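Asker: Got a predicted model here, sequence first, then my questions.
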Amino acid sequence: RIASFNIQVFGESKVQNVPVMDVLARVARNFDVIAVQEIRAKGQDVVPFFVEQINAAGRRYDYVIGERLGRTSSKEQYAFIFDTQSVEVDRSQLYTVADPDDLLHREPLVAMFRVRGPAPEQAFTFSLINIHTDPDEVAQELSVLDDVYMAVRNDGRNEDDIILLGDFN
């Protein structure tokens, strides 16, 4: 089960709101992979703290996180939080899609996953493309998402199961 979740302005103040974090952790436990958008924290402790909250119920989630992105001083990060008992991520294959023409406010983050259980060569694999389009640039950004998809499709990994998800505004 895969979810996409824009946790609006996910930073230090939200992490300190115990009732909100409790609800977020309970929701996250319903999914094998959660693509998170709009992480806006000065430090790097917000996502690890969130994963601790999820794991407080005896689960084993982990995460990968991208770099801070954006054209303004308000940078955002993307993350994938995943249940390590059901899926694994190839950390060496985590990357931000190149945008040399600066058509996207925040370039998408790509991760490759494999379902646990079957032998690795027989397991189902898939790639997720996490994006948060800018509300003021939706038309332009949506028009290049097919190019983003094709860039991931043709990135040399031969993955044919690709999901584009996130906050498309």
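Answerer: Now that the structure is in, tell me what you want to look at.
Asker: packing partners for the strand or helix carrying V9?
Answerer: Assessed by DSSP states H and E, V9 sits inside strand 2-10. Where contact means 3 or more Cβ pairs under 8 Å, 6 or more residues apart in numbering; DSSP states H and E, strand 2-10 is packed against helix 18-28, strand 33-39, strand 125-132, strand 162-167. For the C-beta atoms, the positions are set from N, CA and C on the backbone; glycine is no exception.
Asker: With mean pLDDT as extra columns, can I get these in JSON lines?
Answerer: Shown next, in JSON lines, are the helices and strands packed on strand 2-10 (pLDDT from 0 to 100):
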{"stretch": "helix 18-28", "mean pLDDT": "96"}
{"stretch": "strand 33-39", "mean pLDDT": "97"}
{"stretch": "strand 125-132", "mean pLDDT": "97"}
{"stretch": "strand 162-167", "mean pLDDT": "97"}
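Asker: so which of those is the most packed in?
Answerer: Sort the helices and strands packed on strand 2-10 by mean neighbour count, taking mean count of other Cβ atoms under 10 Å, and strand 33-39 sits at the top with a mean of 24.
Asker: helices and strands around it, which ones?
Answerer: Using 3+ Cβ pairs under 8 Å, 6+ apart, strand 33-39 sits against strand 2-10, helix 46-55, strand 77-83, strand 125-132, strand 162-167.
Asker: where does the strand holding V9 sit relative to the chain's centre, distance-wise?
Answerer: Chain-centre distance of strand 2-10: 9 Å, with Cα atoms, centre = their mean, to the nearest Å.
Asker: what does stretch 115-135 give?
Answerer: Worked out by Cα atoms, centre = their mean, stretch 115-135 lies 11 Å from the chain centre.
Asker: Now render the helices and strands packed on strand 2-10 as JSON lines, adding distance to S73.
Answerer: Shown next, in JSON lines, are the helices and strands packed on strand 2-10 (distance: least, Cβ to Cβ, whole Å):
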{"stretch": "helix 18-28", "distance to S73": "25"}
{"stretch": "strand 33-39", "distance to S73": "15"}
{"stretch": "strand 125-132", "distance to S73": "17"}
{"stretch": "strand 162-167", "distance to S73": "20"}
